[in-house]
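Trainee: Based on what follows, work out the 3D shape:
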Amino acid sequence: MTVPATEAVQTAETQEIVTTFASYGSTWAIYIGLVLLMIGIIWYAIRKWHFAIKWFIASVILAGALTPGHPVDYAETYSPLVLNSVVLLFDGDSAGFMAGIKTIIWVFVTVFLVGLAAWFGFKFWRKKQGQSNNKSATSKPAEKRMATPVEPTLGDEDSVTEESSDSPTDNPTNPEKS
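Mentor: Numbers count the residues shown, from 1 in each chain. Modelled structure (predicted):
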């Protein structure tokens, strides 16, 4: 619904204009993608830190940015709850602000604990897999293990002397090389 700037708008029409728009779904998709990109960049920047610390930071961002809430009571759409809560705080509704923050904290705690549980479960599963592989390796008969070949590098004096001793002029007893 497009309203010319000079036309007077009634209150009900104003609320409809403010709370709904045509690209609502694509806006949320782009917003979620950008939040995940931000988390990926931060995760890459702190990639050498312990998983629990990285997951704590990611959980704070996920809970804060992606917890949805209605911007107003009569709206059918959602917006990030942290933004709604800040607007309520600026409007003087500290009870509404605290309710939003409590919801964000509950979402954070849930996301953080589920992530840690998944991480510990994965580590436990990998440890079990390693133990079962070790048991199966010890129960099999010993297999013949071969040495890993070492490639000569530039500057190795040993490789130069071996090549010169394998030439047909230096080694007349080797009929294959002549």
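Trainee: distance between the helix or strand containing residue 82 and the chain's centre?
Mentor: Following DSSP states H and E, the helix or strand that holds residue 82 is helix 81-90. Computed by Cα atoms, centre = their mean, to the nearest Å, the chain-centroid distance of helix 81-90 equals 27 Å.
Trainee: Report the mean per-residue pLDDT for it.
Mentor: Taken as a whole, helix 81-90 has a mean pLDDT of 90.
Trainee: Just the element for the most centrally placed residue in the chain, please.
Mentor: Note on the chain: the residue nearest the mean C-alpha position is residue 40, at 5.1 Å, using Cα atoms, centre = their mean. Using DSSP H and E, residue 40 sits within helix 24-45.
Trainee: list the buried ones in that helix?
Mentor: In terms of neighbour count (16 or more other Cβ atoms under 10 Å), helix 24-45 has its buried residues at 28, 35, 39. Placement of C-beta: from N, CA and C, glycine included.
Trainee: next one: stretch 79-89
Mentor: 79-82, 84-85, 87-88.
Trainee: gap between the residue nearest to the centre of the chain and residue 46?
Mentor: In this view, residue 40 and residue 46 are 11 Å apart by Cβ to Cβ, to the nearest Å.
Trainee: helices and strands around the lengthiest helix in the chain, which ones?
Mentor: As assigned by DSSP state H, the longest helix anywhere in the chain is helix 94-139. Secondary-structure packing of helix 94-139 (3 or more Cβ pairs under 8 Å, 6 or more residues apart in numbering; DSSP states H and E): helix 51-66, helix 81-90.
Trainee: Give me the angle between the last one and helix 51-66.
Mentor: Here helix 81-90 runs at an angle of 60 degrees relative to helix 51-66 (axes from the mean of the first three to the mean of the last three Cα atoms, to 10 degrees).
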